[in-house]
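> Prediction below, plus the sequence it came from.
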Amino acid sequence: MNKLKSIASVFTAFLLVVGLAGCSNASGKAADSSVPETKPADSENQDASEAPAETPAETPSAHTDVLVAYFSATGTTKGVAERITSVTGGDLYEILAAEPYTNDDLNYNDHSSRSTSEQNDKNARPAIGSEEISLEGYTTVYLGFPIWWGEEPRILDTFVEAHDFDGITVIPFCTSGGSGIGRSGANMEALAKSGTWLKGERFSGSVSEDEIRSWIDSLK
Ligand SMILES: Cc1cc2nc3c(=O)[nH]c(=O)nc-3n(C[C@H](O)[C@H](O)[C@H](O)COP(=O)(O)O)c2cc1C
């Protein structure tokens, strides 16, 4: 008799569980409570039958909304850019010169070297050799470079003139032998003609991720 009773109570419990599961599916709410109410703009034309039954709350997007774009002739700015990428979880993009800079090109003791000649010419626009990038979808762009003769290398001017920064906050950063970021950000803002430009920051090549994190927090 006792055995019969316990079988009956196990069965009743099973029925209860099935019944409850059925209720939550019928309303369609219980399982979906974590889905944001706002739909992505392009979902309006989507056939409901093709839509996934559930949208995970953290679906990875095609790319993040943070981009770290940088030019680095000898690797110092590259290291800082990689640490900013690690702290922000953003995407990393290297601005490469179509014609790479040789050691002779970078010789600042030679006043007729390529880098010095370019810096002396405000209209110089060295061509970019890396694959083109679209800034669509990015809301923050960290823009890194070495200081050359107190300013951003002219290839940065090529980059900013080629892109639309509308709706984007641009945060310049640089490395140098000691000079500050100076007027680099203002120069590029004037050429870009769009975007919200912060003054930016100069870092030594050995800046740590913790120092970068504090800097980013101080911008908020
Ligand atoms: C052509 C040229 C000009 C430079 N001018 C300056 C300068 O005006 N002030 C300064 O502190 N460092 C200057 N530097 C040093 C670089 O800014 C520094 O080494 C930087 O960290 C290099 O970054 P990168 O390795 O990413 O190219 C210059 C370097 C070069 C090649």
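Cool, got the structure.

> Now residue 127. Nearest residue, chain neighbours left out?
Excluding the flanking residues, the one nearest residue 127 by CB to CB, 6 or more residues apart in numbering is residue 98, at 3.9 Å. Every C-beta, even on glycine, is put in place using the N, C-alpha and C of the backbone.

> Now do the contacts for that neighbour.
The contact partners of residue 98, by CB atoms under 8 Å, 6 or more residues apart in numbering, come to 126, 127, 128, 129.

> What strand or helix carries residue 170?
Take DSSP states H and E as the rule and residue 170 turns out to sit in strand 169-175.

> Just the residues contacting that strand, thanks.
The contact list for strand 169-175 (CB under 8 Å, 6+ apart) reads 76-77, 80, 84, 139-147, 152, 181, 184-185, 188-189, 192, 195-205, 219.

> ok, which stretches of the chain are strands?
Counting by DSSP state E, the chain has strands at residues 66-70, 91-94, 140-146, 169-175, 196-197, 201-203.

> Tabulate those in JSON lines, adding columns for mean neighbour count, distance to residue 122 and mean pLDDT.
Output for these, formatted as JSON lines (neighbours: other CB atoms under 10 Å; distance: least, CB to CB, whole Å; pLDDT from 0 to 100):
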{"stretch": "strand 66-70", "mean neighbour count": "24", "distance to residue 122": "22", "mean pLDDT": "98"}
{"stretch": "strand 91-94", "mean neighbour count": "18", "distance to residue 122": "24", "mean pLDDT": "98"}
{"stretch": "strand 140-146", "mean neighbour count": "25", "distance to residue 122": "16", "mean pLDDT": "99"}
{"stretch": "strand 169-175", "mean neighbour count": "24", "distance to residue 122": "18", "mean pLDDT": "98"}
{"stretch": "strand 196-197", "mean neighbour count": "17", "distance to residue 122": "18", "mean pLDDT": "98"}
{"stretch": "strand 201-203", "mean neighbour count": "20", "distance to residue 122": "22", "mean pLDDT": "98"}
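
> Same list (these) but as CSV, adding distance to the ligand.
Shown next, in CSV, are the strands of the chain (distance: least, CB to the nearest ligand atom, whole Å):
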stretch, distance to the ligand
strand 66-70, 8
strand 91-94, 11
strand 140-146, 3
strand 169-175, 3
strand 196-197, 20
strand 201-203, 8
